[in-house]
Structures are given as structure tokens and as C-alpha cells.
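Sequence first, predicted model second:
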Amino acid sequence: MFEAIFENDNGKSFVFGINGGNFCGMNIGDAVDITLGTSQGFSQIGDTVETMSAGGRIIDVTGKLLGNIVERKNSLRNVCAPFATGRLVFQGTHYIRVYVKSPPSFSAVKNNGLFKMQFYAPFPYFSTLAESHKLIGEIIANFRFPINFSTPHRFGTRSSDRYTNISNSGDIRVPFRLVMRSEGTCTNPTVSDLKSFAFLKINGTLSAGEFITIYRDDSNVLRAELTQGNKVTDIIDWVDDDSSLFELEPGDNLISATDDQGGVSLVVSFSFNPAQAVLYET
């Protein structure tokens, strides 16, 4: 049975499906059209595809309210009001960030629970709720309990590996949240894809305890922030102009991390949500 929950950014929610007192359908199985940028040279037969991009997704919602129809109409109107934003959560496993494009409309017939509305998703794919994590430069434990403190011992050793395989189990490439932390002095930290040679470089210096966070916000805008204690500074201008590594490809991504000091003090963490191109009702 189909079920989705719209959680708006004001903390309100509405359940689409039998648990919310309605029957409902959404076109979440529709594919997203890809826009191709092409060119054609002199006397060329056919086209050369130069760019590919995917736009947003419109989600049409149709359904019928059951039970106390007046109360459920008011609830649906209140949660899915004009200008409302939030996310649709499907089966407790996937979500998609949406804007209310067309607020709910209802039949004029009394006690008729038919309704329809539209959401718009600027990022058109369905992300997993479970976030994936990967660390480069982690501390490996070197002790086991019980511990004898009367003899010298080492609590942990920093991993010497400066690269790792990040597996994206989804259908499509997805943005990630990247945190670069320094345990000493770190100059011009850089992460690179060893297969495509794409990289993301920060032109600046980190001191011990400082960290940089690079991510895309809810509007899909790239952000870069430096955290020094309780102070957070926008450093988007530190991102090298030639950087192109802002997404993880589906499948294996062999990623390295280094800096001008060889990466000995650099700890890098990736977090991301694999995504599917379509969902199906179960």
C-alpha cells in the first residue's frame, strides 16, 4: 500500500495513504527528462552531445479523503499551504525535498473527499534516509581492555592511507558533505578522484582544531564554511576555481586526500545519501 509523509519546514506533517485516512497516488515512478546540449560541425552527419543535465521534478498528487472529511481537508490545507516547503518521506526509507507548487484543491460537492495538488522537487531524485559515511586519516585503536597503565602503551595510530574507495550504491551521482579537519597545520587541502582526476581544492591554511565544511544546502547552493571554535566564516572564495569534484558517481569512487604537507595532519570525512531515479509503490 502506498504511503508518504509530507514534513514541512514549520514542523507540521500530513500522511498520504491509508494511515492518514485517505487513498492517494503520486507519479513517483515517472522518469526525469534529460536535456542534451548538442552541436554540429561543417558537413557532420548527426550531432555531438556536449552537455547533459536534469531539471526538477513535478509530483502530481491525487486522492480521496476518508472519514472526517472536513477535519482532514483543514489538515491538508494547513500543512500543504501556499509557499510551504519540506520533504516527502516514502515508506520510511527515501525522501525528496519539495516545494508546494499547487496547494490542495477539492471538489465543491459536500462530503466529497476528492483532492489534487502538486509538489515541485528541484533535485529530482529520491535520496535514502540512511546516510553513508567514509573517513580518510582515521585513528586506529591500538589497545584492548583491560589496560595496564603502569606500562607504556599507545591508544591509537593515525591511518597512513591517504585514499579510500567510496561506494555510491544509488542510481545516479549525488552531492556530498565534506569535512576537512586539521590536527596540526594544513595548507591547501585537496581531495581528488583518482579515476577521473577531478579535484576539490581549498586555497588556505587550517590550524589545529579548525575544520572546513563543504556542502550543498536545501536550495542546492554550494556552501563552504570555516569553523574556529564558536566562529563560523563563509569561505566560498577559498574554493579553487578549477575545482570540479562536487558529486560522487554511482559505483566506486577512489578518493585521495592530501595537502602541501603530505596530508599528515589532515582528516577528511565524506557523508552522502545515495539516490534512486524513481520509486515504486509497494
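Received the coordinates, thanks. Residues are numbered from 1 along each chain as shown.

could you pull out the helices for the stretch 1-150 of the chain?
Along the stretch 1-150 of the chain, counting by DSSP state H, counting those that start in this stretch, helices occupy 69-79.

pLDDT weak spots in it?
1, 138-150 (pLDDT under 70).

Swap in 90 and give it another go.
Low-confidence segments of the stretch 1-150 of the chain (pLDDT under 90): 1-3, 31, 42-43, 107-112, 137-150.

how about the strands of it, start to end?
Taking DSSP state E, counting those that start in this stretch as the test, the strands found in the stretch 1-150 of the chain are 4-8, 13-16, 22-26, 34-39, 48-54, 57-65, 85-90, 94-106, 114-121, 126-128, 132-136, 139-141.

what's the angle from the fourth one to strand 48-54?
This points to strand 34-39. On the basis of axes from the mean of the first three to the mean of the last three CA atoms, to 10 degrees, strand 34-39 is oriented at 150 degrees to strand 48-54.

still on that earlier bit, which one, of the strands of the stretch 1-150 of the chain, ends up nearest to N220?
Proximity to N220 (CB to CB) singles out strand 94-106 among those, at 8.6 Å. The way it works is simple: take the backbone N, C-alpha and C, and place the C-beta from them, glycine included.

any idea how far the residue lying closest to I28 once chain neighbours are set aside is from V32?
Once flanking residues are discounted, I28 sits nearest to L279: 4.5 Å by CB to CB, 6 or more residues apart in numbering. Distance, L279 to V32, using CB to CB, to the nearest Å: 12 Å.

which of the two has more neighbours?
L279 (19 against 15; other CB atoms under 10 Å).

which residues does that one contact?
L279 is in contact with 28-29, 90, 94, 126, counting by CB atoms under 8 Å, 6 or more residues apart in numbering.

Quickly name whichever of the residues you listed is closest to S132.
Using CB to CB, those come closest to S132 at H94, 13.8 Å.

How about the contacts made by that closest one?
126-129, 276, 279.

Filter those residues down to the buried ones, PyMOL style.
Selecting only the buried entries of those in PyMOL, with 16 or more other CB atoms under 10 Å as the criterion:
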select buried, resi 126+127+128+276+279
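
Quickly name whichever of the contacts of H94 is closest to L36.
Q276 (22.1 Å).

distance of that closest one from G86?
20 Å.

do S75 as well
15 Å.

Would you confirm that D237 belongs to a helix?
Yes - when classified by DSSP: H, G, I helix; E, B strand; the rest coil, D237 is found to be part of a helix.

residues near V239, how many?
19.

which ones are touching it?
200-203, 214, 222, 224.

how about those residues in CSV, adding distance to L248 and secondary structure?
Formatted as CSV, the contacts of V239 follow (distance: CB to CB, whole Å; DSSP: H, G, I helix; E, B strand; the rest coil):
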residue, distance to L248, secondary structure
L200, 11, strand
K201, 17, strand
I202, 18, strand
N203, 23, coil
I214, 13, strand
L222, 15, strand
A224, 18, strand
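
Just the buried ones from these?
200-202, 214, 224.

Name the nearest of those residues relative to N253.
L200 (12.3 Å).

How about the closest one: what's its closest non-neighbour residue?
L245 (4.3 Å).

I'd assumed P274 was in contact with F126.
No - with contact defined as CB atoms under 8 Å, F126 does not count as touching P274 (9.8 Å).
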